[in-house]
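Participant: pasting the structure only:
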């Protein structure tokens, strides 16, 4: 059996989805199964009028090359242009993986795309990261469709080199769209800074120029601009060394629709550092994580509550033990274990 991931990439840089699929494929090979990814990217640099035809040819090629082989399993990741294939005759297994709600539920003003859900009744299996998403998408799938929840995946080996930690709180991810509550994190850090002025806040990632300017202005208004480092986007292979140099990992996700369904991939990376992790009680996170056991968990949407948990992570005599239990949890998310679970599900 060969497992083929079909992954449409909009941007020029590898996304969190791309990193996840690469780890799944790496894990499949470790477990003795053949797996590949067919990356289909937007045809940048080509006349706009020609782009739809290029994408159509890529989809047709995929059908010719892959769907006629009964020994293959096709995993269509995310929202892309593969939906016409769902209606065509095939011999291969067809699985869909989606780890977020559709745009019309997350972002105001987004239009409903009926082609995102209606073709799901023709698939054999569905992989997602949370119970909420399983419950949502099961309403569109056929009665014979099987479901697997695979929350996050990480390569523990990337974090094996424990470096000397500095007085720094780190966050990595998207700064915009109110996805991860970066504004809440800055406000919480400003409160922490009054008690621990020697600590710094490191923000890895980025967003639009307007969002970045607004966040920098917020840090100025709060008087902590000299203690906030806007690192920006860095290569994924450099992420581990940045995070390992910090004392605390932070994710102040607000309680919105996106958080209710998603399971941030950064959580597994945070836990893999062996550093204390401070996050909010949203979505499926409390299913796997417990306050004062393997993390420090705050109520969402409150800079005061999050600042208090940051202080606990810094000051608690049990902080290192809690971080170590978080690291033990991260091992269950390692790529070899998660990939085997996915292979067993597809088989």
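Facilitator: Done, it's in. None of the values given here were measured: they were computed from a predicted structure. Numbers count the residues shown, from 1 in each chain.

Participant: which parts of the stretch 151-300 of the chain are strands?
Facilitator: 168-174, 200-206, 228-232, 248-251, 277-280, 296-298 (DSSP state E, counting those that start in this stretch).

Participant: out of the ones you listed, which gets nearest to residue 329?
Facilitator: strand 277-280 (9.7 Å; C-beta to C-beta). Bear in mind the C-beta positions are built from the backbone N, C-alpha and C, glycine included.

Participant: give the rounded mean pLDDT of that closest one.
Facilitator: The average pLDDT for strand 277-280 rounds to 98.

Participant: in its sheet, what does that strand sit against?
Facilitator: Partner strands and pairing direction for strand 277-280 (DSSP bridges) are strand 248-251 (parallel), strand 296-298 (parallel).

Participant: what stretches of the stretch 1-150 of the chain score poorly on pLDDT?
Facilitator: 10-14, 40-48, 51, 65-66, 108-110 (pLDDT under 70).

Participant: all strands of it, in order?
Facilitator: 2-9, 34-41, 72-77, 93-97, 125-128, 146-149.

Participant: on that earlier part again, from the strands paired with strand 277-280, which stretch is densest packed?
Facilitator: When the strands paired with strand 277-280 are scored by mean count of other C-beta atoms under 10 Å, the highest mean neighbour count falls to strand 248-251 (a mean of 27).

Participant: how far off centre is that one?
Facilitator: Relative to the chain's own centre, strand 248-251 is displaced by 15 Å; criterion: C-alpha atoms, centre = their mean, to the nearest Å.

Participant: do stretch 64-71 as well
Facilitator: Counting by C-alpha atoms, centre = their mean, stretch 64-71 comes out at 30 Å from the chain centroid.

Participant: how long is it end to end?
Facilitator: 14 Å (C-alpha to C-alpha, to the nearest Å).

Participant: one step back: can you list the strands of the stretch 1-150 of the chain in TSV and add mean neighbour count and distance to residue 342?
Facilitator: Below are the strands of the stretch 1-150 of the chain laid out as TSV (neighbours: other C-beta atoms under 10 Å; distance: least, C-beta to C-beta, whole Å):
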stretch	mean neighbour count	distance to residue 342
strand 2-9	21	8
strand 34-41	16	9
strand 72-77	23	8
strand 93-97	22	9
strand 125-128	22	7
strand 146-149	16	7
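
Participant: ok, residue 120 touching residue 141?
Facilitator: Yes. Contact criterion C-beta atoms under 8 Å: residue 120 and residue 141 qualify, at 4.9 Å.

Participant: who touches both of the two?
Facilitator: Common contacts of residue 120 and residue 141 (C-beta atoms under 8 Å, 6 or more residues apart in numbering): residue 126.

Participant: next up, the contacts around residue 165.
Facilitator: 244, 245, 246, 247, 275.

Participant: for residue 347, give me the pLDDT.
Facilitator: At residue 347, pLDDT is 87.

Participant: ok, it to residue 91 distance?
Facilitator: 16 Å (C-beta to C-beta, to the nearest Å).

Participant: just residue 215 next, same as before
Facilitator: In terms of C-beta to C-beta, residue 215 sits 51 Å off from residue 91.

Participant: of all the contacts of residue 165, which two lie farthest apart?
Facilitator: Every pair of the contacts of residue 165 checked by C-beta to C-beta; the farthest is 244 and 247, at 10.5 Å.

Participant: list residues touching both of those two?
Facilitator: 165, 275.
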